[in-house]
Every structure is written in C-alpha cells, then in structure tokens.
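> coords below, sequence missing:
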Ligand code: URA
C-alpha cells in the first residue's frame, strides 16, 4: 500500500498520478491523501514532494475529453475524487482506451455525475456573482461574496478575469478568495461572510433595473427555481424582490393583456378579451373585472360576470346586463330576471341550480335625460366579450345550454341565429351539444297586447320545459 500525499490541485495530482502510473502502482495500491494545513506531516509512507514533485513525470496518452473532465472533477468536494480519477486513468491506459463511451460503467457514471455537479456550480457562480463597489487606496474596488458548492474558485477565475478585465475586483468565499488587480490574478484563503460588503450606492439602481426587466408574463416558477435555487438567494440582492414580483405577476399580466387589448380595439372593432387560462370561475370573474377589451367598460359601473354553481348542468346565457344588473353586479336581477325566474319555476327548472351569464358583460347604454337606455350590443361587442363566455364554458362543461335571444345565440353558435324559426329545438353549438334557443324575456315585457303577451309567455315556458326534459 502506498500513501500519496499531494497538494490538492489538479496539476499536483496529475504529476503524482503520472509517477504512479510509471511505477505501475495499481489503483488498489494507493491511498490518496490531500496535503493541507490541517495535516502537515501525515505522510505515512511517502513524502508528497519526494514522490511526485522532485522526480520527472513521464507522459501517457489519454483522451482529451478525459483531461478536461478530470480538471473539473478535481474541483469536486468529494475526497474520493482522486482515487476515482486514478482508477479511470489506470483503465484508460491499460487496455480500455474507449472506457468513457461505456456510460453504464459505474466508475464512468460516477465521474460524469461529479462532472455535472461541478459544471453546474461553475455556471451558477458565473450567473450569481454580484459585485459591490468599495473604495480601496483611493480607487474603486469591486467585491463579491459567493458560496460555491465545490472548490471552483481557481477553475472559474480566468472567466472573471476575462469578463471584468478593466475592473479591480475580489471574489470572497469561505474556502478560497480570488483577486484581480487589473494585471494579475492572486488567491488567498477563505474568509467569513462578514468580510464582504452588504450593499453599495448603486445597489438601489440595480434593484430598480431588475424590477423593471422582470417580465411577469414569462414567469415559470419551477424553471426559475431550478435555474436560481433558493440556496443562492441569500447572496443575491435582487432575491429580496422576487416574492413580491411573483406575487404581483398575475395581476400585472392581466393588466398588460387588457392594456394591449384596449390598444388594439380603441373605440373601434377588432379587440378581444384575453382571459387567463384558469379553470377557476372565481379567478376568471376576478380577471374580468379589469377587462378593457372593448370600450363598453368606460360607461358601465362594473363587469357583470356569470354566477351559479360550478357544476351546473344548465347554463343560461342572456344578452348583456341591464340597468339593475349593472348596479348590482349580478345577472338577471331586474325586471327581465323576475320574469325569467317566474317562467323557470313554472317549467320546473331550478334557477339556483343553473349558471346564469350574459354574452356581453358590460351594460351598453345611452343617456336619455336622467335615464340610461339599453342599447343593443353590436357584433364587435359580442366578439370582444366572447372569450369570457368561452372561458366560462371551458370550466363549466354543462349538459344543456339555453340562449335567451339573438345576441346570446349569436355568441353561443358563432353565427347569426333566427330565434323565432329555430327556437325550442335542440342543436349542437360551439359550447354544448344540447343547446336550445328561445326569445329574450325582455321581449315579452315589451309586448303591449295582453293576449299576445300571454301567448308568447306560454311558448317561452314551453321552451323552458324542453330544457327541463334534457336535464
Ligand atoms: N338582460 C340580459 O340579457 N341579461 C341580464 O343580465 C339582464 C337583462
């Protein structure tokens, strides 16, 4: 058995390993012992410099990839890495020159895993080092604190030297520190965190900048945490902003969507709402509050979203909220709603078990004296609002849909519907295989003649009975 004590750097190990190979020492015959301040004279069998440094080291041929990988694996924290590297080296130079291609070999697998872990750490250091300016001997010096997982400070130093060649800087860490004075790199022992500055006068600028470039529409929380694991957060000044930025992201995205929809639509045709992907009616209702996809929101009190049980078998679609609904924020609570309630009860259909909504979710009106007079929604109003209706249906998936009037039918079928000729029959629409169209209850309220009103009301109830039969 041979103990090889060596300075734990890749270069020193390489020298020692070459000597061991030349002496035909098999992997099982060697104990690799790192030489360090905490073990100055532990060389039980060989003095490290006698073994490796004072004797010429012969050369052996190994694949280039192995050398690059070995240089990185040498940075790994695992003390077994030196033995593993030598085992690999031995096999590569003893009849297994293509060993690295055998990825299922346990030693190769271990080597590749260690390499991966070091590469990741190297990448994280490049991404997460944050310099703070301090004043040193009358000049600016930039100091960063980083806690690597492996011993990568030396390995990564040339990258920072090339990237920040014009600055003077230090990267401090618990194990090792690297310094660049504009001319040369130097290394010192590690220091505690308290040696590193906490902030500087430009930090608030950086935080403002970070807050501005943070794109809430591109937040992928899991990907973000995989890329920026929490263990690095404590040393990243911008990490303090992240929880609030993530929290605000959904409402900022909604606003962005609405602003852009508003810009597209202006006061003309063409805009369309962009609901969130959510399958939750409460979330959809909340998002619809801020909808500016068409200009109707400007004169309305509020968005009147649908209401009813999320597992409703029946969805009733009206035209748009009226004056009472606009004020109450709920569909069909005014005179048309009262008539609808009465007719549903007569037909044996429970309103409370149905989800009631409208094709257009803002009250469209024009002033007449002190009164707000209902104005029929146009094609562009229906089109702008249809994504909300589609989002409601995507969530509800009802068994039956009842359209009240032409506007509701146009939105649900995606085409013009002749209500009087198509009423009462079951048809497949864009949102449901069993869709029935009938007249709007407010039409019944406008019939002056009592007899025709009664007759129309009976037909209306008959249509509702057809709905009840499907349920
Ligand atoms: N008319 C409708 O179409 N919907 C309502 O919510 C109220 C009246």
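On my side now, so go ahead. Worth saying up front: this structure is predicted, and the values here are computed from it rather than measured.
> in the helix or strand containing residue 82, what counts as buried?
Here residue 82, judged by DSSP states H and E, is contained in helix 81-93. Neighbour counts over helix 81-93 (16 or more other Cβ atoms under 10 Å) mark 81, 82, 84, 85, 86, 87, 88, 89, 90, 91, 92 as buried. (Each C-beta comes from the backbone N, C-alpha and C, glycine too.)
> Enumerate every residue touching the third one.
Contacts for residue 84 were tallied using Cβ atoms under 8 Å, 6 or more residues apart in numbering; they are 73, 107, 110, 111, 114.
> Whatever residue of the stretch 201-350 of the chain ends up closest to the ligand: how many residues sit nearby?
Distances between the stretch 201-350 of the chain and the ligand by Cβ to the nearest ligand atom are smallest at residue 318, namely 2.8 Å. As a burial measure, residue 318 scores 28 neighbours (other Cβ atoms under 10 Å).
> Contact partners for it?
Residues near residue 318 by Cβ under 8 Å, 6+ apart: 331, 332, 336, 356, 357, 358, 359, 404, 405, 408, 440.
> so which of the residues you listed would you say is closest to residue 190?
Nearest to residue 190 among the contacts of residue 318, counting by Cβ to Cβ, is residue 357 at 64.4 Å.
> Distance of the nearest residue to the closest one once chain neighbours are set aside relative to residue 220?
Spatially, and ignoring its direct neighbours in sequence, residue 357 is nearest to residue 306 (2.8 Å; Cβ to Cβ, 6 or more residues apart in numbering). With the distance defined as Cβ to Cβ, to the nearest Å, residue 306 ends up 30 Å from residue 220.
> Give me the more crowded residue out of the two.
residue 306 (25 against 9).
> Before we move on, what's the pLDDT of the residue nearest to residue 357?
pLDDT recorded at residue 306 is 98.
> that older thread, which phi and psi values does the residue of the stretch 201-350 of the chain closest to the ligand adopt?
Dihedral pair for residue 318: phi -100, psi -170, per degrees, to the nearest 10.
> in the sheet, who's paired with it?
residue 358 (DSSP bridges).
> Can you name the residues of the stretch 351-471 of the chain that neighbour the ligand?
358, 442 (Cβ under 6 Å from any ligand atom).
> again, but for the chain
318-322, 325, 331-332, 334, 336-337, 358, 442.
> secondary structure class for the residue of the stretch 51-200 of the chain found nearest the ligand?
The nearest approach of the stretch 51-200 of the chain to the ligand comes at residue 127, 53.4 Å away (Cβ to the nearest ligand atom). Following DSSP: H, G, I helix; E, B strand; the rest coil, we place residue 127 in the helix state.
> give me every residue that touches it.
Residues near residue 127 by Cβ under 8 Å, 6+ apart: residue 228.
> ok, it to residue 404 distance?
Relative to residue 404, and taking Cβ to Cβ, residue 127 is found at 58 Å.
> what's the answer for residue 464, then?
Residue 464 is 10 Å from residue 404, by Cβ to Cβ.
> what do you get for residue 16?
Residue 16 is 87 Å from residue 404, by Cβ to Cβ.
> cool, residue 372 as well?
Separation of residue 372 from residue 404 (Cβ to Cβ): 21 Å.
> Comparing the two, which shows the higher neighbour count?
residue 404 (27 against 19).
> Just grab the bridge partners of the more buried one for me.
Here residue 404 sits in beta bridges with residue 438, going by DSSP bridges.
> Surely it and residue 320 touch.
No: counting by Cβ atoms under 8 Å, residue 404 does not reach residue 320; the two are 11.0 Å apart.
> count of residues packed around residue 239?
The burial count for residue 239: 16, using other Cβ under 10 Å.
> Can you check the pLDDT for it?
With respect to pLDDT, residue 239 scores 81.
> Would you confirm that it contacts residue 229?
No: contact criterion Cβ under 8 Å: residue 239 and residue 229 do not qualify, at 11.0 Å.
> and the gap between residue 191 and residue 154?
Residue 191 is 16 Å from residue 154, by Cβ to Cβ.
> now residue 232
Relative to residue 154, residue 232 is positioned 20 Å away (Cβ to Cβ).
> With residue 460 instead?
Distance check for residue 460 against residue 154: by Cβ to Cβ, it reads 84 Å.
> Those two: which has the busier surroundings?
residue 460 (24 against 15).
> low pLDDT regions in the protein?
36-58, 201-202, 205-206, 209, 257-270 (pLDDT under 70).
> So which residues of it form strands?
Assigned by DSSP state E, the strands in the chain fall at 2-6, 30-34, 131-136, 139-145, 169-172, 176-180, 185-189, 314-318, 354-358, 365-368, 371-374, 400-404, 426-427, 435-438.
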